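K.L.:
Kindly return the folded structure for what I paste below:
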Amino acid sequence: MITKDLPTGYENIPHPSLPPEPTVNLSELIQKEVDRVGAGEPRKGGVNLSRYEAPDEPARDSDVESWRQALRSAYISSTYLAGRHTNLSLLEEFGKNAWLIGNSQLEEILKDLEKELTRLKEETDTVNKARKTAQTASKGEVVGLGETWKRGIGKILEVQVATDSLRQEILERRRTGAS
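P.N.:
This is a model prediction of the structure:
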């Protein structure tokens, strides 16, 4: 009954209370990859691993150059596989210890950084306490200087008012004396 009352295409229409979908600005390369995956196409390119595979034997009636190329490919594969085998055996033998030693070194670095952080916090607290003490000690002086400044400004204003009234009085006398 509910499905009957729903509008057609309701699965594809977002609810009105939902915010609009954000716009996505993909680079051209990423957009191509998204389109390729969306189309179901296989991946192209990448690392060519065929050079590390065992080469096929050339035909018996092949020329010397194809045998040399096959030998060269076999040598490259053999060298790669020997190096990989060496690295894997070294990892198996020493990898765990190297990892543990690396972790130990990182822990020491972390401890040193935490000590440095604690020291810097203590220095900051000391500086803040000294600042607060200096401000508290100079509070009386600052308040006194503020009051002195206010009194000085008040006296300057009184002098300006007196000067203006004298000026007005002089102007009045000149007017009365001139008439």
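
K.L.:
now the top helix by length along the chain: mean pLDDT?
P.N.:
Longest helix in the chain, counting residues (DSSP state H): helix 64-137. The average pLDDT within helix 64-137 is 91.

K.L.:
can you check stretch 164-172 too?
P.N.:
The average pLDDT within stretch 164-172 is 93.

K.L.:
Pull the contacting residues for A54.
P.N.:
A74, S77 (C-beta atoms under 8 Å, 6 or more residues apart in numbering). All C-beta atoms are positioned from the backbone trio N, CA, C, and that covers glycine.

K.L.:
Look up phi and psi at it.
P.N.:
When read as degrees, to the nearest 10, the backbone of A54 gives phi -70, psi 130.

K.L.:
which residues are contacting stretch 1-8?
P.N.:
I13.

K.L.:
which parts of that stretch are buried?
P.N.:
Buried residues in stretch 1-8, counting neighbours by 16 or more other C-beta atoms under 10 Å, are absent.

K.L.:
What is the burial count for Q69?
P.N.:
13 (other C-beta atoms under 10 Å).

K.L.:
Kindly apply the preceding question to P58 instead.
P.N.:
P58 has 16 neighbouring residues, counting by other C-beta under 10 Å.

K.L.:
Which residues does the helix or strand where E33 lies contact?
P.N.:
Assessed by DSSP states H and E, E33 sits inside helix 28-39. For helix 28-39, the external contacting residues (C-beta under 8 Å, 6+ apart) are L26, R43, K44.

K.L.:
re earlier: how far off centre is the longest helix of the chain?
P.N.:
21 Å (C-alpha atoms, centre = their mean, to the nearest Å).

K.L.:
Which secondary structure state does E57 sit in?
P.N.:
What DSSP: H, G, I helix; E, B strand; the rest coil gives for E57 is coil.

K.L.:
circling back: considering the contacts of helix 28-39, which possesses the most neighbours?
P.N.:
L26 (11 neighbours).

K.L.:
returning to what we had before: which neighbouring elements make contact with the helix or strand just after the longest helix of the chain?
P.N.:
Downstream of helix 64-137, the first helix or strand assigned by DSSP H and E is helix 139-178. Packing partners of helix 139-178 (3 or more C-beta pairs under 8 Å, 6 or more residues apart in numbering; DSSP states H and E): none among the helices and strands.

K.L.:
Alright, that wraps it up for me.
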